[in-house]
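Colleague: Return a 3D structure for these sequence lines:
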Amino acid sequence: MRDKRLLLAVLPILLAAVSFIPGCDELVTEVNNITLIDTTLGEACLACHADSDTILRAKGQWANSRHASPEFIQATVSLNDSLMTTNQCGPQCHTGQGYIDYIRDGSTTPDLTPSVIHCFACHMPHSGNYGSWDLDTLRGDTIVTPLQANGSAYNMGKSNMCAHCHQTAQWEDIGSSEVTIRADWGPHFSPQADVLNGTGGYPLPSITGGNSHDSVRTRDGCLACHYGTGQGYDFGEHTFRLENDISGTQYAANCNVSGCHGAGGIPASGFYTFSARTDSIDALADSLEMILKYWTYLDPSDADGMRFIKDSTIPAVSAKILYNYLLYKLDGSHGIHNARYIEELLTQSLVHSDSIPPHAIFTADADTICTPYTVSFTDDSKGTINLWLWQFGDGNTSVEQNPIHEYNADTAVSFTVELTVTGPAGSDTETKDNLILVPAPPNASFSTSGTLGCDSAVVAFTNYTTGWVTSWRWDFGDGDSSVTKDPQHTYVASDSFIVTLIATGCAVDTAVETILVVISDEMPQPDFSADTTSGPAPLTVNFTDLSLGSPLAWSWDFGDGSISSEQSPSHTYNTPDSSFTVRLIVTNGCGADTLERVDFITTTAP
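Modeller: Predicted coordinates:
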């Protein structure tokens, strides 16, 4: 599979190579143009070019540039899978062949075999009437049309080749409403052409557009300063770096040429001594970074000050300030490319940071658990604020910054709290629905069952307490207790017992009930008699309970559909010429027994 990818990667270039000097126009990355940097760059050209140092120096410089970095290669592969179908961040800026196609006819077709930006993306030696490898062999010197509608077309001479890619790729059309910060939000990386031209930022409200490097911009732009240093692999030319990242050495010789810093003035000895650049730029940027982190538009934990908080929604003025700051950071020159423009852009952004409307934030902490329910509110809002208005949800308000409020309720109830903060830049409100839940005090109650027993009685207690309860305590009246919500307790003697339930929560409540426990020692034996057993209807019969074994409950069935729980009831039979079976069930703590007398009562016609 890998061999197939390599073949697909190399084949289109081989077909396009110039035939009369084989090898000179083939891809820079000859081994694997997707994941590796080829160290044999340019060596095929040595067959004809005797000055090998010229070729090898370019090769080494390129290999140490961002164009050849592993991160750029990986981005190329990733973008080929996702974003290559758009005009932003597309193949024209992330692949060598994609750039060639774009310069040739404006094509932004995805490159199926992506390669990094290599020598032949920018140079076209041995093509057309060109006969030497110099600035006259560069592609892409046509007038630049911005990728986004944030500026007009411009001309930077030979550096149009650079500006086609090194510009704002994602202009954000920020109006007057709030803006949601996407993961790909911002001017994108390396917008140097915009900065050099004094465009790309948001004027707040206006920027004069002063350009401290206007002469550079009109004199081949980027190449005027970054090319021709002759410093081997470390500086300039194909690395386009004018400062050694390791030693910190700056190469400012190209600044001291005719028409620039060396003409009639003090030559520049370093980048940060340019007279056109004030010392305030770094301080302005640091202050702006601190403010953006305070508002958490930038991640406060990011030491580089580049990681913004995605998926957040921020005011339009905040988005413009953040965008201007990112333009400065992503340009990467500390303002050198256009000191006047950057200084003014950062200054206005810093001034207008006072126009960011406040952002309401608060927390609540309950100091007590009982009614009155006391809550301390803490204002954590951001911005300049001179007025606080709290709505506690119970009809009460406060204008204190950090108020303490008492809630009173007889039943459980929730309250929605709202804080509105106001300052010179506007107002903002945070609402927290059902934030405060005031618990109802407990209302203790219970019921019992199983107060009858044989030898002992196991009584079940059912807890019906309402309200917020954290603990229960039972006193069974016989010296024993329990902390179970619904306990069972065994009584071993017949008696009356005072049972107490104490429920504790937001408050304490007590329920007291006297229960009668009856314990039997033998099964009941049912028996009964009647004062008459026959007669004309209506016939009234008086029944007498004669049961033994100390029954505690009686259940009579008179045989005509009527029942009774009296011990010795009376009953009237109204149906003539009938006989009735009488049944008696007696119960005590040891159990129940039944006596049934068939046709015990007989009625006749009146």
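
Colleague: how far away is the residue nearest to residue 427 when sequence neighbours are not counted from residue 357?
Modeller: In space, and not counting its chain neighbours, residue 427 is closest to residue 420: 6.0 Å by C-beta to C-beta, 6 or more residues apart in numbering. C-beta coordinates here come from the backbone N, C-alpha and C atoms, glycine included. Look at residue 420 and residue 357: by C-beta to C-beta, to the nearest Å, they are 12 Å apart.

Colleague: any shared contact partners between these two?
Modeller: 427, 428 (C-beta atoms under 8 Å, 6 or more residues apart in numbering).

Colleague: just the strands in the stretch 401-550 of the chain please.
Modeller: Using DSSP state E, counting those that start in this stretch, the strands of the stretch 401-550 of the chain run over 404-407, 413-423, 426-438, 446-449, 452-454, 457-463, 469-475, 481-482, 488-491, 495-505, 508-520, 528-530, 534-536, 539-545.

Colleague: Lowest average pLDDT across the ones you listed?
Modeller: Note on the strands of the stretch 401-550 of the chain: lowest mean pLDDT is at strand 452-454, with a mean of 89.

Colleague: quick one: the closest residue to residue 156 other than its chain neighbours from residue 313, how far?
Modeller: When the adjacent residues along the chain are set aside, residue 156 lies closest to residue 221, with 3.6 Å between them (C-beta to C-beta, 6+ apart). Using C-beta to C-beta, we find residue 221 at a distance of 38 Å from residue 313.

Colleague: Show me which of those two is the more surrounded one.
Modeller: residue 221 (27 against 11; other C-beta atoms under 10 Å).

Colleague: which residues touch that one?
Modeller: 156, 157, 158, 159, 160, 162, 163, 193, 196.

Colleague: okay if I get those residues as TSV plus distance to residue 437 and pLDDT?
Modeller: Below are the contacts of residue 221 laid out as TSV (distance: C-beta to C-beta, whole Å; pLDDT from 0 to 100):
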residue	distance to residue 437	pLDDT
156	65	86
157	70	84
158	71	85
159	66	87
160	66	88
162	62	90
163	61	88
193	58	89
196	60	88
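
Colleague: What about the residues you listed, which one has the most neighbours?
Modeller: Counting by other C-beta under 10 Å, top hit in the contacts of residue 221: residue 196 with 31 neighbours.

Colleague: I'd say that residue and residue 338 touch.
Modeller: Yes. Here residue 196 lies in contact with residue 338, judged by C-beta atoms under 8 Å, at a distance of 5.6 Å.

Colleague: Out of the strands of the stretch 401-550 of the chain, which gets nearest to residue 553?
Modeller: The closest approach between residue 553 and any of the strands of the stretch 401-550 of the chain, judged by C-beta to C-beta, belongs to strand 452-454 at 8.0 Å.

Colleague: who's in contact with the closest one?
Modeller: Applying C-beta under 8 Å, 6+ apart, the contact partners of strand 452-454 are 491, 517, 518, 519, 520, 521, 552, 587, 588, 589, 590, 591.

Colleague: are any of these buried, and which?
Modeller: 491, 517, 518, 519, 520, 587, 588, 589, 590 (16 or more other C-beta atoms under 10 Å).

Colleague: Helices of this protein, residue ranges please.
Modeller: 2-16, 52-63, 70-82, 91-94, 96-105, 119-122, 160-163, 192-196, 214-217, 221-226, 280-294, 316-331, 339-351 (DSSP state H).

Colleague: tell me the most buried of those helices?
Modeller: helix 192-196 (a mean of 29; mean count of other C-beta atoms under 10 Å).

Colleague: Quick check: chain neighbours aside, which residue is closest to residue 191?
Modeller: residue 168 is the one closest to residue 191 (C-beta to C-beta, 6+ apart), at 4.6 Å.

Colleague: ok, and the closest non-adjacent residue to residue 353?
Modeller: Residue nearest to residue 353 in three dimensions, not counting chain neighbours: residue 291, with 5.0 Å by C-beta to C-beta, 6+ apart.

Colleague: Tell me who's in contact with the residue lying closest to residue 529 once chain neighbours are set aside.
Modeller: Distances taken as C-beta to C-beta, 6+ apart place residue 544 nearest to residue 529, at 5.0 Å, with adjacent residues excluded. Residue 544 makes contacts with 528, 529, 530, 531, 568, as judged by C-beta under 8 Å, 6+ apart.

Colleague: What is the burial count for the first one?
Modeller: Counted with other C-beta under 10 Å, the burial measure for residue 528 works out to 20 neighbours.

Colleague: any idea how far it lies from residue 600?
Modeller: From residue 528 to residue 600 the distance is 9 Å (C-beta to C-beta).

Colleague: shared neighbours of these two, which are they?
Modeller: residue 582.

Colleague: Break this protein into its domains for me.
Modeller: 1-139, 364-436, 446-520, 528-604 (automatic domain parsing).

Colleague: wait, residue 378 sits on residue 388?
Modeller: No. Here residue 378 does not reach residue 388: they are 11.4 Å apart, not a contact under C-beta under 8 Å.

Colleague: Looking at the two, which is more packed in?
Modeller: Legend: neighbour count by other C-beta under 10 Å for residue 378 and residue 388, higher for residue 388 (20 against 12).

Colleague: what are the bridge partners for that one, then?
Modeller: Residue 388 has these beta-bridge partners by DSSP bridges: residue 421.

Colleague: correct me, but it touches residue 421?
Modeller: Yes. Applying C-beta under 8 Å as the test, residue 388 and residue 421 come out as touching, 5.7 Å apart.

Colleague: Need the overlap of contacts for those two.
Modeller: Joint contacts of residue 388 and residue 421 (C-beta under 8 Å, 6+ apart) are 379, 381.

Colleague: so where is the stretch 151-300 of the chain shaky, pLDDT-wise?
Modeller: 151, 206-210, 228-234, 258, 262-265, 273-279 (pLDDT under 70).

Colleague: Now do the strands in it.
Modeller: Under DSSP E, counting those that start in this stretch, the stretch 151-300 of the chain gives strands at 179-180.

Colleague: Contacts for stretch 515-523 next, please.
Modeller: So stretch 515-523 is contacted by 448, 451-457, 459, 477, 491-497, 499, 549-550, 552, 588-591, 593 (C-beta under 8 Å, 6+ apart).

Colleague: Show the contacting residues for the nearest residue to residue 103 once chain neighbours are set aside.
Modeller: Excluding the flanking residues, the one nearest residue 103 by C-beta to C-beta, 6+ apart is residue 140, at 4.5 Å. For residue 140, the contacting residues are 99, 103, 122, 160, 161, 164, by C-beta under 8 Å, 6+ apart.
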